[in-house]
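Colleague: just coords:
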């Protein structure tokens, strides 16, 4: 009912606007000039007006589409930048302790997490070394040690629980989780977890011995000898 009323109001508004335009002197002047033009010119103006209307009708949605594409590209660029900055911040925090982790330490931690879970022995494969260099803003000076393990026939709750357990390993990050559906059992998955530790290598003792003394330290030694 309300829709019909709005429809009638719209029709009345269009009729009133049309009547005002037709009663205006400018419209009548243009109409008289149009009527005295040759028929070929009238057709040209009509088709030209239709073409302009079609171009405007096409350009408006296209401009919105183009703007949305530019905004999406800007959003993706900023999101990637934020992601890389967060990764760099995380890596720098991990290397602050100065510890140099080993694969054996990671393997021991991961095996401990697996043993404390509710998995059967046949569900877990051997923890393997993962030496693939991480992609992203990781400085060349930052070293990494990685380990990966594949666990079979996991449910979704088990995937989440084990992922949280591996991510809680001290001085390590769960960098990758690869999930593959089990073709033999619906609702079960084979999952590969990759855990890595990042660190800055400590300088060798020989490097410390060969380090040149500073100018200030030499001058102070000379003054003490005098």
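Modeller: In hand now; what should we look at? In this text the structure is predicted, and so the values were computed from the model without any measurement.

Colleague: longest helix anywhere in the protein?
Modeller: helix 39-94 (DSSP state H).

Colleague: quick one: the helices in the chain?
Modeller: Under DSSP H, the chain gives helices at 2-23, 25-35, 39-94, 103-115, 156-167, 205-209, 215-225.

Colleague: what's the closest of the ones you listed to residue 199?
Modeller: helix 39-94 (7.0 Å; Cβ to Cβ). Glycine gets a C-beta too; all of them are placed from N, C-alpha and C.

Colleague: that closest one vs helix 25-35, what angle?
Modeller: 120 degrees (axes from the mean of the first three to the mean of the last three Cα atoms, to 10 degrees).

Colleague: which secondary structure elements does helix 39-94 sit against?
Modeller: Using 3 or more Cβ pairs under 8 Å, 6 or more residues apart in numbering; DSSP states H and E, the elements in contact with helix 39-94 are strand 189-199.

Colleague: got the angle for the strand it packs on vs helix 103-115?
Modeller: Using the same axes, to 10 degrees: strand 189-199 against helix 103-115 is 140 degrees.

Colleague: what pairs with strand 189-199, and is each one parallel or antiparallel?
Modeller: Looking at strand 189-199 with DSSP bridges, its partner strands are strand 143-154 (antiparallel), strand 173-181 (antiparallel).

Colleague: below-threshold pLDDT in this structure: ranges please.
Modeller: Along the chain, segments meeting pLDDT under 70 span 1-3, 84, 86-99, 134-141, 201-226.

Colleague: same thing but 90
Modeller: Low-confidence segments of the chain (pLDDT under 90): 1-102, 118, 121, 130-145, 170-173, 175, 182-187, 197-226.

Colleague: among the strands paired with strand 189-199, which is nearest residue 80?
Modeller: Nearest to residue 80 among these is strand 173-181 (16.8 Å), distances taken as Cβ to Cβ.

Colleague: what residues of that closest one count as buried?
Modeller: Buried positions in strand 173-181, judged by neighbour count with 16 or more other Cβ atoms under 10 Å: 173-175.

Colleague: adding distance to residue 72, write the strands paired with strand 189-199 out as JSON lines.
Modeller: Below are the strands paired with strand 189-199 laid out as JSON lines (distance: least, Cβ to Cβ, whole Å):
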{"stretch": "strand 143-154", "distance to residue 72": "33"}
{"stretch": "strand 173-181", "distance to residue 72": "26"}
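
Colleague: nearest to residue 116, out of the ones you listed?
Modeller: Here strand 143-154 is closest among those (Cβ to Cβ), at 13.4 Å.

Colleague: let me know which of the strands paired with strand 189-199 is the nearest to residue 46.
Modeller: strand 173-181 (62.1 Å).

Colleague: now the closest one: how far from the chain's centre is it?
Modeller: 17 Å (Cα atoms, centre = their mean, to the nearest Å).
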